Each structure stands twice: as structure tokens, then as C-alpha cells.
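**Student:** what's the 3D shape of this:
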Amino acid sequence: MAVMDYAAIPGGRERRSRVRHPVDSTAAIILVNGGAQFRGRILDVSLDGCRIRCDERFLVGVYTQVETVFQLIGSKFLLGGVVQMVHERRTVGIRFLDLSPLERSRLVELIAEIERLQASGEGLPG
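**Tutor:** Prediction:
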């Protein structure tokens with residue numbers, strides 16, 4: 001069962017406490033139990049989580065523990081979390097969990113750089 005993504009529904013109620021920042025880069029979701037890997041593209045990121053569009057169908061349910069791997073603005077991230085929603089079996093919302101102080105700090109720096117680049121109109125490097 002999927003948790004509804006109200007942000008994707010016109011007029012839907014936004015429940016997120018953090019702003020999502022649109023991005024586009026390769027990404028992977030790794031299942032903590034079993035090690036299966038789903039490749040795709042990261043669509044957005046916030047301090048609380050991210051959304052990834054998988055290349056193949058994502059047949060795992062919500063609350064599954066995962067690790068996400070992605071690279072943005074020259075930095076590689078490997079962050080633990082849980083599947084929060086699955087939309088149309090390919091788009092997966094991940095909520096980050098138990099980030100270390102260093103991981104949180106790196107993510108804060110990444111978000112600040114994304115905001116700076118978007119505000120300047122430069123866009124994110126490919």
C-alpha cells in the first residue's frame with residue numbers, strides 16, 4: 001500500500017515540513033535486507049528525504065529500510081532511510097532516518113548550494 005503523495009495532486013494538501021528542491025542525477029535505492037538494488041534518477045531532495053524515479057518497477061512496500069546513493073554538485077551521498085511512498089510502481093519517496101551529524105551537515109550544505117544555484121539562475125551542474 002502506498003502513502004498518498006498529496007503534492008502530486010492538484011489542490012492536494014502539502015504535509016512536508018521541508019522544501020523539496022528539484023534535481024536530476026543518477027541514483028540507486030539499495031534494500032537493507034537482501035541487498036537488491038534499483039537504479040534510477042533522483043528527482044528532488046530535502047533535508048527530510050528524496051524522491052527517486054526507478055528505471056524498473058519498484059515492487060517493495062512502504063516502511064522498507066533502504067539506503068539511497070546519489071551524487072549532486074560533485075558530492076556523493078549514501079543515506080539510510082525508509083520507503084515513505086510508492087507512486088505508480090516507479091516513483092519512490094524516501095524519508096531519511098538516523099543521519100549522523102556529519103551526514104546531516106553535508107546534506108545541509110548541499111541544500112544551501114542548490115538554493116544558491118537556483119536563486120542565481122545558474123542551475124545545477126549536470
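
**Student:** every contact and neighbour count from this point should use C-alpha atoms.
**Tutor:** Will do.

**Student:** the protein: helices as residue ranges?
**Tutor:** For the chain, applying DSSP state H gives helices covering 101-120.

**Student:** show me the contacts for the residue nearest the centre of it.
**Tutor:** Computing the C-alpha centroid of the chain and ranking residues by CA atoms, centre = their mean puts Cys50 first, at 1.7 Å. Taking CA atoms under 8 Å, 6 or more residues apart in numbering, we find Cys50 in contact with 20, 42-44, 93-96.

**Student:** what do you get for Leu78?
**Tutor:** If a contact means CA under 8 Å, 6+ apart, then Leu78 has 67-70 as its contacts.

**Student:** redo those residues as CSV? Include pLDDT and distance to Val83.
**Tutor:** Listed next are the contacts of Leu78 as CSV, based on pLDDT from 0 to 100; distance: CA to CA, whole Å:
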residue, pLDDT, distance to Val83
Glu67, 97, 10
Thr68, 98, 10
Val69, 98, 14
Phe70, 98, 16
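
**Student:** possible to save the residues you listed as a markdown table with neighbour count and distance to Leu117?
**Tutor:** Below are these laid out as a markdown table (neighbours: other CA atoms under 10 Å; distance: CA to CA, whole Å):
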| residue | neighbour count | distance to Leu117 |
| --- | --- | --- |
| Glu67 | 21 | 27 |
| Thr68 | 24 | 23 |
| Val69 | 17 | 22 |
| Phe70 | 19 | 18 |
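
**Student:** of those residues, which belong to strands?
**Tutor:** By the criterion of DSSP state E, membership of these in strands covers 67-70.
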